[in-house]
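Trainee: A structural model of the following input is requested.
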Amino acid sequence: MRLVKIIAALLIVVLFLVIHLIAPDFIPEIFDLLSRGDIKDTAEYIKSYGSMAIVFSFLLTLFVNALGFPPAIIFSTANTLIFGIFWGITLSVIAETVGVTISFLLLRFFFRDSAKKVIAKSKFLSSVDKYSSEKGFIVMLIARMVPYVPSGLLNAVGALSALNLRDYFLASLIGKFPSTGIEAIIGHDMIVGDEDKTRIVVVVIFAVILIIFAWLYEKRGHRL
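Mentor: Model (predicted):
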């Protein structure tokens, strides 16, 4: 297993090297963009890809969420400025969910075994681990619904817990709609100067409906 992990890590490094060889300026440009965190600049950079802007935005949003930083609000807001509120949020949610799922798989693959050894030595941590297996879906869902919670933190918590992949994916996908929606709408309205609060109210109502769905899903033993 250790050899497999070393090979996987080397493949990730090789991937970045190949990208650098094909487009030497691409990675420096992306990291410069990420370091500045300017929403308008991000939107303009994405738009510069023309007909491929939606694909590039999807991959960029995915990458940032897999990485865990900078804050996803930069890209979800940029997407609403380019593609509109509905499609911008939809694109962001799907890309963010794929990104955090990739992060979950990588972190679990590389670190879960080590975490299990530490957990096994502690009665308290063992209890927490068991709880994450039984109630992890609802906990992760509510955590994902809260705006501005660092994605990287939830990725790590989910990966090191006993939460299964299906529940993690569903909790992230469903939970990200209200949190991403609220973040993106607030960011969008601040930039364009729109003070209409109707959209925020709709997102909050939608979040309540999702919590009810999650409660039913949990109560029926994940059989919905």
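Trainee: use CA for all of it now, contacts and neighbours both
Mentor: Noted.
Trainee: can you give me how far the host helix or strand of residue 96 is from the chain middle?
Mentor: If you go by DSSP states H and E, residue 96 is part of helix 85-120. Relative to its chain's centre, helix 85-120 lies at 7 Å (CA atoms, centre = their mean, to the nearest Å).
Trainee: any idea how far residue 169 lies from residue 97?
Mentor: Applying CA to CA, to the nearest Å, the value for residue 169 to residue 97 is 7 Å.
Trainee: same deal with residue 187?
Mentor: Separation of residue 187 from residue 97 (CA to CA) stands at 20 Å.
Trainee: what about these two, which has more around it?
Mentor: Taking other CA atoms under 10 Å, residue 187 and residue 97 do not tie; residue 97 has more neighbours (25 against 20).
Trainee: unless I'm mixing things up, the more buried one is touching residue 172, no?
Mentor: Yes - look at residue 97 against residue 172 with CA atoms under 8 Å: they come within range, at 6.0 Å.
Trainee: which residues in this protein form helices?
Mentor: 2-22, 26-36, 39-47, 53-67, 73-83, 85-120, 123-145, 151-160, 165-192, 198-219 (DSSP state H).
Trainee: which residues touch residue 88?
Mentor: Shown in contact with residue 88 (CA atoms under 8 Å, 6 or more residues apart in numbering): 76, 77, 78, 79, 80, 81, 82.
Trainee: got a list of contacts for stretch 28-44?
Mentor: By CA under 8 Å, 6+ apart, stretch 28-44 touches 70, 74, 75, 77, 78, 79, 81, 82.
Trainee: Next, the buried residues of that stretch.
Mentor: Under the neighbour-count criterion of 16 or more other CA atoms under 10 Å, stretch 28-44 has 34, 37, 39, 40, 42, 43 buried.
Trainee: same question, stretch 48-68
Mentor: So for stretch 48-68, counting by 16+ other CA under 10 Å, buried means 53-54, 56-68.
Trainee: cool, stretch 81-94 as well?
Mentor: So for stretch 81-94, counting by 16+ other CA under 10 Å, buried means 81, 82, 83, 85, 88, 89, 90, 91, 92, 93, 94.
Trainee: okay, now the closest residue to the last one other than its chain neighbours: neighbour count?
Mentor: Just to be clear, that refers to residue 94. Distances taken as CA to CA, 6 or more residues apart in numbering put residue 173 closest to residue 94, at 7.1 Å, once the chain neighbours are dropped. By other CA under 10 Å, the residues close to residue 173 number 21.
Trainee: Likewise for residue 172?
Mentor: Residues lying near residue 172 (other CA under 10 Å) number 27.
Trainee: follow-up on the earlier one: deepest of the helices of the chain, which one?
Mentor: Highest mean neighbour count of the helices of the chain: helix 73-83, a mean of 25 (counted as mean count of other CA atoms under 10 Å).
Trainee: which strands and helices sit next to that one?
Mentor: Helices and strands touching helix 73-83, by 3 or more CA pairs under 8 Å, 6 or more residues apart in numbering; DSSP states H and E, are helix 39-47, helix 53-67, helix 85-120, helix 165-192.
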